[in-house]
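Trainee: just the structure for this:
(chains A, B and C)
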Amino acid sequence: MVTDGLPLVDQHCHGVRAEDVDRAGFERLLTEAAEVPAHRSTFDSLLGLAVRRWCAPALDLPPHAPAEAYLARRGELGWREVSRRLLSATGTAAWLVDTGLTPFPITAPAELAGLAGGAGYEVVRLEAVAERVAASGAGAAELPGAVLDAVCAAARRAVGLKSVVAYRAGLALPAEPPAEGEVRTAAGRWLAVGGRLTDPVLLAWLVHQGARLGAERGLPLQLHTGFGDPDLRLHRADPALLTDFLAATRRLGGTVVLLHCWPYHRNAAYLAHVFGHVRLDVGLAVPYVGTRADAVLAELFELAPFGALCYASDGFGLPELHHLGALLWRRGLGRLLDRWLAEDVLTAADAERIAIAVTSGNAASAYPLAG
Amino acid sequence: MVTDGLPLVDQHCHGVRAEDVDRAGFERLLTEAAEVPAHRSTFDSLLGLAVRRWCAPALDLPPHAPAEAYLARRGELGWREVSRRLLSATGTAAWLVDTGLTPFPITAPAELAGLAGGAGYEVVRLEAVAERVAASGAGAAELPGAVLDAVCAAARRAVGLKSVVAYRAGLALPAEPPAEGEVRTAAGRWLAVGGRLTDPVLLAWLVHQGARLGAERGLPLQLHTGFGDPDLRLHRADPALLTDFLAATRRLGGTVVLLHCWPYHRNAAYLAHVFGHVRLDVGLAVPYVGTRADAVLAELFELAPFGALCYASDGFGLPELHHLGALLWRRGLGRLLDRWLAEDVLTAADAERIAIAVTSGNAASAYPLAG
Amino acid sequence: MVTDGLPLVDQHCHGVRAEDVDRAGFERLLTEAAEVPAHRSTFDSLLGLAVRRWCAPALDLPPHAPAEAYLARRGELGWREVSRRLLSATGTAAWLVDTGLTPFPITAPAELAGLAGGAGYEVVRLEAVAERVAASGAGAAELPGAVLDAVCAAARRAVGLKSVVAYRAGLALPAEPPAEGEVRTAAGRWLAVGGRLTDPVLLAWLVHQGARLGAERGLPLQLHTGFGDPDLRLHRADPALLTDFLAATRRLGGTVVLLHCWPYHRNAAYLAHVFGHVRLDVGLAVPYVGTRADAVLAELFELAPFGALCYASDGFGLPELHHLGALLWRRGLGRLLDRWLAEDVLTAADAERIAIAVTSGNAASAYPLAG
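Mentor: Coordinates of the predicted model:
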């Protein structure tokens, strides 16, 4: 396939869990659900089939090994060796790691890259920074400034910014950032109760600041869109709701990246078509949709400019997710391009150029990666 | 195919019209439109093609017999013999029959099963119960209690509850049921005008009560979602709108079933993925989409847990719909699993296990069926 | 293929740019984006691939000729010869031309037909008429009447009316037209500022008048839905939002045509299924989605009555768009029907009947075309 051997830039993933897990722990990481009910196994899904089909051989098991055998072998090898094998097989040259989600011991970017090969980079999650500042005892009046300072400090060692406003307040962001007074009032409200940042005014302000700072510093702003977190309201994570925000930020000179997008990936492709500063991926969907990766990709290609599509695994916790993200993307894209070649839709040179762009080139030109 | 010979549990259907119909009558039942305009025949659709392709042979006609020949032969055999043939060929072991929609003489569950083979069960439509109670002369103060009593009485002989709130008020149900005072006020408003129950407060209360009673009695609560009734506003029947309601009912211990779902079946699959108490089908869509059944199913499988997918025909009025629901589901699923087998996505044992689960096992474990 | 040689009725397109364009000008017309950023070429898309694959041979170049060679040859031949070749190869018998969008010299319907062969007809854009009347100095009190008069005058030489309310105020139109007083007040507001008509009250009034006048005069009312203009909010262009309007206009005796529809083409198909006066196309999507035309068409066919589907290119500016709209529709439809024939979904006679209906018959019966 035309995608064989091409290095990947994984523009959005997380670390792997840095400890061994039992079956329940594994299954909880093999789903976006908050919990796994007793009557279900998360192996009973296209993702679970893909783990058994594709990851088992990397652990010296036959393809389609049963879940029990897979987990037993995983336990024998230990999380570090399993991660080393599954991650290094992806052929990933650069890992852009969102460091803002750490509910258990998780590898830092350099540690992930150490296991995997390639280089590790950090993507700063804006809400995590704001929550750290709020927890540090800042008052309402100084909070906005302190958050900006902290974002700028974090941005110095990062290659991108990220927001999860999609599952905190939804994507219907205003075209203009809220006024200073409103932000201060909202900050006071938040500090009075603390906890997760869910205030829509503060979030809108934060995302606008992220777009501005990102543009100034050459750091793309990644936005979670579509499915993913069990907290979200799917219809409020439709990237089409971002249109006002995207129209307002198109002149800033920065890049906005729509992550995940499924099942609204056609809507996201439309946005990338009309807004030149938008890039997108279907990370998380690939690997979750397993063998359906090429079907989802085909829908994405309908309107997305070839220069806007990027690869991401959104792997989190389990290196199986990074592995399948890479393998199913490479295979799905390869199958799609091979079919188009066979049907004389494009030339071999076109296919190669597209494959390189969407596996690494588009991301490499958007993020300030080394080398 | 791996699905050959597997018995089906049809988790949601209606009876068949218990009288002969002329061409106009047949065509009106071969569509979800409220009326068939003079310039159209409802045979001119993928559903119509499927009737001619698959139902004609069951009536001793060649495949693709013209509509006229089909209807003539149908008239010769009479509704009872036609129903017997088409229903019994489905291989359905259990029919779960919504008894709340009876605009003409229609077979009761036992009568349907008598024609078809298999066992008939009742699903109680909550809105129909409430409308019967309201028509019986209850006052506003006693209406809520009387409705609950009537639902409980009906539930004693039923295996499930059903709500059509989707096309009465839409699916954006509140997380909490409305307060008692609100419900009484709404009851007064409704009783003053009578007719169909469309009051959003009463409907929200009724659906919440259905979830609670269903959980207590082991009866799944079925919710119409997606396309179906010409009265609905499609975008208000998006199952994603149910997220607050599903998050609020996940701890009750019951099951919520999303019916139909098309064209939001990917959204429904996401909900079944994140909420362990959710099951779903694409009844009505299959049979309506005809030869596209496997394409729709493939999209459904992207995120739906294998343990959440159920079969339903949503056949209503015409036994052709039950027949095609079963045949196209069995064939579509079989083609999909066969393709995945050929592509080494899963093993033959996996395919068989999935086929059994989604044709009967998942429904059999959710509903209190006999035997 | 069953579609070979069938004449087309292009129920919605625009003229071609009546002057030569340089590369930047060409690329700007090969996208729905308002501008092409420096780092992108609009050739890098499925549409761009299709231009190189299918239009290059019409200009005596090999398939897949590079963009540079294509544009150089285009320059040699000149816009008139290029248009003559690309348009006449479509096999279009009738061009229904929206004359309301003229940002540069553009061919009038007769001029387009003169280059292309076939007959040219006019479709009147309601907003353009209203803006002309407003610019002519009418006062608020007489504006509504003057607009109606102007629409009636324009309608005399037209075969259809068209509204772009989708990207002015969105498709959530009220079931009833606004009251006279409201309309006059809104007219006053608009005239005070002038410019593009974006007032939701005036637009709702205008579209309702268009439905009424169209029904009286036998002129279908075309509504832009789904993607297209960079100004739109995609989610507000979901045709499902039109349900109240469609329910309210079904008794008028006219036809409402949903244009484009992608990515909401399944929603549009549902509307055509339940409302007998609705027709639809996926113009603009075909040609934009290139080789994915048959996949999009297959989704459209799931629920759309065969009698409701029409062909349109929505070609604008570049004759390449008209050419590919026709070629990819003919080919996509042909491939779909051929596959269904091979799979015994329908008979050859069915396939031929469907092909004729959706390439020309349905449009020919809806619009008052000559001959």
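
Trainee: on the three-state scheme, the residue of chain A found nearest chain B is what?
Mentor: In chain A, the residue that lies nearest chain B is A:Pro37 (3.1 Å; C-beta to the nearest C-beta). Yep, even glycine has a C-beta here, placed from its N, CA and C like the rest. The assignment at A:Pro37 comes out as coil when based on DSSP: H, G, I helix; E, B strand; the rest coil.

Trainee: would you confirm that it contacts B:Val278?
Mentor: No. In this structure A:Pro37 lies outside contact range of B:Val278 using C-beta atoms under 8 Å: 10.1 Å.

Trainee: out of those two, which sits in the more crowded spot?
Mentor: Neighbour tally, A:Pro37 and B:Val278, criterion other C-beta atoms under 10 Å in any protein chain shown: the higher count belongs to B:Val278, 25 against 13.

Trainee: list the contacts of the closest residue to the more buried one other than its chain neighbours.
Mentor: Ranked by C-beta to C-beta, 6 or more residues apart in numbering or on different chains and with sequence neighbours excluded, the top spatial neighbour of B:Val278 is B:Ala272, at 4.4 Å. By C-beta atoms under 8 Å, 6 or more residues apart in numbering or on different chains, B:Ala272 lies in contact with B:258, B:278-280, B:303-305, B:308-309.

Trainee: hmm, 7 Å instead?
Mentor: Residues near B:Ala272 by C-beta atoms under 7 Å, 6 or more residues apart in numbering or on different chains: B:278-280, B:304-305, B:308.

Trainee: from these, which is closest to chain C?
Mentor: Using C-beta to the nearest C-beta, B:Leu280 is the member of the contacts of B:Ala272 that lies nearest chain C, at 17.3 Å.

Trainee: what is the neighbour count of that closest one?
Mentor: B:Leu280 has 27 neighbours, counted by other C-beta under 10 Å.

Trainee: what does A:Tyr121 give?
Mentor: For A:Tyr121, using other C-beta under 10 Å, the count is 23.

Trainee: same deal with the one 10 residues further on?
Mentor: Here the number of neighbours of A:Glu131 (other C-beta under 10 Å) works out to 18.

Trainee: three-state assignment of it?
Mentor: A:Glu131 - assigned by three-state DSSP - is helix.

Trainee: wait, it touches A:Leu197, no?
Mentor: Yes. Counting by C-beta atoms under 7 Å, A:Leu197 is a contact partner of A:Glu131 at 5.6 Å.

Trainee: ok, now which ones touch the closest residue to A:Leu303 other than its chain neighbours?
Mentor: Taking C-beta to C-beta, 6+ apart, and ignoring the residues beside it in sequence, A:Leu303 has A:Ala269 as its nearest neighbour in space, at 4.2 Å. Contacts here follow C-beta under 7 Å, 6+ apart; on that basis A:Ala269 touches A:280, A:300, A:302-304.

Trainee: can you check A:Arg279 too?
Mentor: Shown in contact with A:Arg279 (C-beta under 7 Å, 6+ apart): A:255, A:257, A:272, A:308, A:310, A:362, A:366.

Trainee: from these, which land in strands?
Mentor: Among those, the members found in strands (DSSP state E) are A:Val257.

Trainee: could you identify the most distant pair in the contacts of A:Arg279?
Mentor: Greatest spatial distance in the contacts of A:Arg279: A:Ala272 and A:Ala366, 12.2 Å, computed using C-beta to C-beta.

Trainee: now do the helices in the stretch 151-300 of chain A.
Mentor: Along the stretch 151-300 of chain A, counting by DSSP state H, counting those that start in this stretch, helices occupy A:180-193, A:200-217, A:243-249, A:265-274, A:285-288, A:293-301.

Trainee: pick the most buried one from these.
Mentor: Of all the helices of the stretch 151-300 of chain A, helix A:285-288 has the most neighbours on average by mean count of other C-beta atoms under 10 Å in any protein chain shown, namely a mean of 30.

Trainee: name the helices or strands packed onto that one?
Mentor: Under the contact criterion of 3 or more C-beta pairs under 7 Å, 6 or more residues apart in numbering or on different chains; DSSP states H and E, helix A:285-288 touches helix A:46-50, helix A:293-301, helix A:319-342.

Trainee: so which of these comes closest to B:Val345?
Mentor: helix A:46-50 (6.1 Å).

Trainee: show me what that closest one is packed against.
Mentor: In terms of contacts (3+ C-beta pairs under 7 Å, 6+ apart), helix A:46-50 is packed against helix A:285-288.

Trainee: need the contact partners of the helix it packs on.
Mentor: With C-beta under 7 Å, 6+ apart as the test, helix A:285-288 has contacts from A:47, A:50, A:260, A:262, A:293, A:296, A:313, A:321, A:324-325, A:328-329, A:332, B:303.

Trainee: turn the residues you listed into TSV, including pLDDT and distance to C:Val165.
Mentor: Output for the contacts of helix A:285-288, formatted as TSV (pLDDT from 0 to 100; distance: C-beta to C-beta, whole Å):
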residue	pLDDT	distance to C:Val165
A:Leu47	98	43
A:Ala50	98	45
A:His260	98	32
A:Trp262	98	30
A:Ala293	97	38
A:Val296	98	32
A:Ser313	98	42
A:Leu321	98	44
A:Leu324	98	45
A:Gly325	98	42
A:Leu328	98	42
A:Trp329	98	40
A:Gly332	97	39
B:Leu303	98	35
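
Trainee: what about the residue nearest to A:Leu303, distance to C:Glu127?
Mentor: Counting by C-beta to C-beta, to the nearest Å, the gap from A:Ala269 to C:Glu127 is 28 Å.

Trainee: what do you get for A:Glu352?
Mentor: A:Glu352 sits 46 Å away from C:Glu127, going by C-beta to C-beta.

Trainee: looking at those two, which is more packed in?
Mentor: C:Glu127 (22 against 15).

Trainee: so A:Ala237 makes contact with A:Ala166?
Mentor: Yes. If you go by C-beta under 7 Å, A:Ala237 and A:Ala166 touch, sitting 4.2 Å apart.

Trainee: could you tell me which residues of chain A lie near chain C?
Mentor: By C-beta under 7 Å from any C-beta of the partner chain, the residues of chain A that approach chain C are A:238, A:240-241, A:243, A:266-267, A:270, A:273-274, A:276, A:298, A:301-303, A:305-307, A:340, A:343-347, A:350.

Trainee: one more time with 6 Å, if that's ok
Mentor: When proximity is defined as C-beta under 6 Å from any C-beta of the partner chain, chain A approaches chain C at A:240, A:243, A:266-267, A:270, A:274, A:276, A:302, A:305-307, A:345-347.

Trainee: and the furthest pair within the residues you listed?
Mentor: With C-beta to C-beta as the measure, no two of these lie farther apart than A:Thr243 and A:Thr347, at 34.9 Å.

Trainee: so which of the contacts of A:Arg279 comes closest to chain C?
Mentor: Nearest to chain C among the contacts of A:Arg279, with distances taken as C-beta to the nearest C-beta, is A:Ala308, at 7.9 Å.

Trainee: got the phi/psi numbers for that closest one?
Mentor: As for A:Ala308, its main-chain torsions (degrees, to the nearest 10) stand at phi -110, psi -20.

Trainee: low-scoring stretches of the stretch 251-371 of chain A, by residue?
Mentor: The stretch 251-371 of chain A contains residues with pLDDT under 70 at A:371.

Trainee: which part of it gets nearest to chain C, residue-wise?
Mentor: Nearest residue of the stretch 251-371 of chain A to chain C (C-beta to the nearest C-beta) works out as A:Gly276 at 3.1 Å.

Trainee: tell me the contacts of that residue?
Mentor: Counting by C-beta atoms under 6 Å, 6 or more residues apart in numbering or on different chains, A:Gly276 touches C:Pro37.

Trainee: quick check, A:His322 in contact with A:Asp314.
Mentor: No. A:His322 is beyond contact range of A:Asp314, at 8.8 Å (criterion: C-beta atoms under 6 Å).

Trainee: so which of the two has more stuff around it?
Mentor: A:His322 (29 against 25).

Trainee: can you count the residues close to the closest residue in space to the more buried one that isn't next to it in sequence?
Mentor: The shortest distance from A:His322 to any non-neighbouring residue, by C-beta to C-beta, 6+ apart, is to A:Gly315 (3.3 Å). By other C-beta under 10 Å, 30 other residues sit near A:Gly315.
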